[in-house]
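Engineer: return a 3D structure for these sequence lines:
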Amino acid sequence: MKRPVLVLAAVVFAAAGALTGCGSKHVTDSGQAAPTPQTSASTNQAQQEAQDRWQQQLAEVDRKFPDVAKLCADKATTAPTPPPATSGTDPENSKYAENHAYLQMATLTDNQRCRGEAHAARITAAVKSAPIDVSQARTLMTGLGYPDANFTPYGDGIHFTLSVPGPGGCLTGNLSSAARIEVHGAYLEGGCERPRGGH
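Structural biologist: Numbering: from 1, shown residues only. Predicted coordinates for the structure are as follows:
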């Protein structure tokens with residue numbers, strides 16, 4: 001009567017062994033783990049698709065801003081990579097970095113920096129005097145092709161932030177007779193606006 005129980009136990013054990021083998025690595029004759037071809041192929045395909053989307057976005061933006069495209073034609077147009085994690089042995093430096101991590105920005109590629117500086121130059125050239133209000137600033141920037149800029153009254157002008165059209169970085173500045181515009185990467189917490197946070 002105990003025989004069916006033993007057979008059932010053997011079947012369950014064999015099935016468990018087969019299931020645990022699903023995610024295991026195959027070992028070659030040399031004893032090295034062989035790479036899983038499906039995983040590396042799908043990763044390469046995803047990277048290629050991301051690069052294709054990046055190039056398509058650049059082409060669309062270049063049609064809209066041909067002067068910027070011409071200025072930055074000799075800059076590499078590969079998609080940016082995340083910034084490397086910083087490390088240090090000084091505990092004070094690591095604590096400072098931890099407290100200010102919310103201010104970290106993505107690193108710009110040469111192409112992104114070139115495009116950001118070219119867009120900043122277009123805006124600076126168009127600003128003849130300080131806009132009186134946010135409405136006038138919005139009209140100015142929309143006319144230049146930047147309808148998605150964000151505005152805040154600030155001092156003698158209008159503070160603005162703008163995600164550079166296409167796969168670019170950010171512009172932050174002041175629309176006034178002495179326009180000052182900074183080109184920078186997006187904040188790692190998201191967006192071009194300086195995040196409020198820290199501890």
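Engineer: where's the closest residue to S163 other than its chain neighbours, which helix or strand?
Structural biologist: Leaving out its chain neighbours, the residue that sits closest to S163 by Cβ to Cβ, 6 or more residues apart in numbering is C192, at 5.3 Å. (Each C-beta comes from the backbone N, C-alpha and C, glycine too.) For C192, there is no helix or strand it lies in under DSSP states H and E.
Engineer: I'd say C192 and L162 touch.
Structural biologist: Yes. Using Cβ atoms under 8 Å, C192 is in contact with L162, at 6.6 Å.
Engineer: and the two? Which one has more around it.
Structural biologist: Comparing C192 with L162 by other Cβ atoms under 10 Å, the one with more neighbours is L162, at 24 against 20.
Engineer: quick check: the more buried one touching F151?
Structural biologist: No. Under the criterion of Cβ under 8 Å, L162 makes no contact with F151, lying 9.7 Å away.
Engineer: who touches both of these two?
Structural biologist: Shared contacts of L162 and F151 (Cβ atoms under 8 Å, 6 or more residues apart in numbering): M141.
Engineer: any idea how far the residue nearest to S163 lies from F160?
Structural biologist: Computed as Cβ to Cβ, to the nearest Å, the C192 to F160 distance reads 10 Å.
Engineer: shared neighbours of those two, anything?
Structural biologist: With Cβ under 8 Å, 6+ apart as the test, C192 and F160 both reach 171-172.
Engineer: what average pLDDT does stretch 132-140 get?
Structural biologist: Mean per-residue pLDDT for stretch 132-140: 89.
Engineer: and H119, what element?
Structural biologist: helix 110-126.
Engineer: which SSE is immediately downstream of that helix?
Structural biologist: Next along the chain after helix 110-126, taking DSSP H and E as the criterion, comes helix 134-143.
Engineer: contacting residues around that next one?
Structural biologist: Here helix 134-143 makes contact (Cβ under 8 Å, 6+ apart) with 123, 126-127, 131, 147, 149, 151-153, 158, 160, 162, 175.
Engineer: and the helices in this protein?
Structural biologist: For the chain, the helices defined by DSSP state H occupy 3-20, 37-64, 66-71, 91-99, 110-126, 134-143.
Engineer: where among those helices is average confidence lowest?
Structural biologist: Across those, helix 3-20 has the smallest mean pLDDT, namely a mean of 43.
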